[in-house]
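Colleague: next comes the sequence, and after it the predicted model I'd like to discuss.
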Amino acid sequence: MATPDDAAGVAAVYAPVVEATAISFEYEAPSVDEMRHRMERASSRHPWLIADDGAVAGYAYAAPYAARDAYRWSVAVSVYLREDQRGQGVGQRLYCALLGLLELQGFRQAFAGIALPNEASVGLHEKMGFTLVGVARGAGYKLGSWHDVGQWQRALSVTDGPPPEPTPIAALDASVVESILT
């Protein structure tokens, strides 16, 4: 599990993605303080995970999918890796753990938005059971051109009728969380 103390490492992984690619639609890389704030804001309800090889090698996290109450059983998920960790299975391991925790929490659907083209991210998400549900054409402008955004979706659980509230990540049994992370 990531902690706010990992904010510098998380920011270091994310900064090159923001600065040199259209994978992220942010124009300026967030500061360490801003990244810490993002992590703290989400940490009681949604998981943030890191892969650690002596430094933050990558991270994955969940966030609310949308603000309206009826969406509270759905999450948006993302994974980012240090360049030297791509293609090594790190993203898959992070997502396995993240999706396992989200299922345990009682979330129903996971969504991932992918700026296109991005063959590596599409491949990872499809390997993890996500399916393409739509493409927003020309959704963002970065680095001198317009980019489409694909929306991928993966069921976490199937329930009929009124679901129980998702369990905040901080309220899960620590030993169960540890078993998912190892």
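Modeller: Noted; the coordinates are in hand. Residues are numbered from 1 along each chain as shown.
Colleague: give the buried residues for stretch 130-145.
Modeller: Counting neighbours by 16 or more other C-beta atoms under 10 Å, one finds that the buried residues in stretch 130-145 are 130, 139, 142. All C-beta atoms are positioned from the backbone trio N, CA, C, and that covers glycine.
Colleague: which of the helices and strands in the protein ranks last by mean pLDDT?
Modeller: For the chain, the helix or strand with the lowest mean confidence is helix 174-181, at a mean of 91 (criterion: mean pLDDT, DSSP states H and E).
Colleague: buried residues of that helix, list them for me.
Modeller: For helix 174-181, burial by neighbour count (16+ other C-beta under 10 Å) applies to 177, 180.
Colleague: so what's Phe130 up against?
Modeller: Contacts for Phe130 (C-beta atoms under 8 Å, 6 or more residues apart in numbering) come out as 110, 112, 152-154.
Colleague: which element is the residue of the chain positioned farthest from its centre on?
Modeller: Distance to the chain centre peaks in the chain at Gly161, reaching 27.4 Å (criterion: C-alpha atoms, centre = their mean). Under the assignment given by DSSP states H and E, Gly161 is not contained in any helix or strand.
Colleague: quick check: pLDDT value at it.
Modeller: With respect to pLDDT, Gly161 scores 83.
Colleague: what strand or helix carries the most centrally placed residue in the chain?
Modeller: The chain has Ser78 as the residue nearest its centroid, 2.2 Å off, counting by C-alpha atoms, centre = their mean. Assigned by DSSP H and E, Ser78 falls within strand 74-81.
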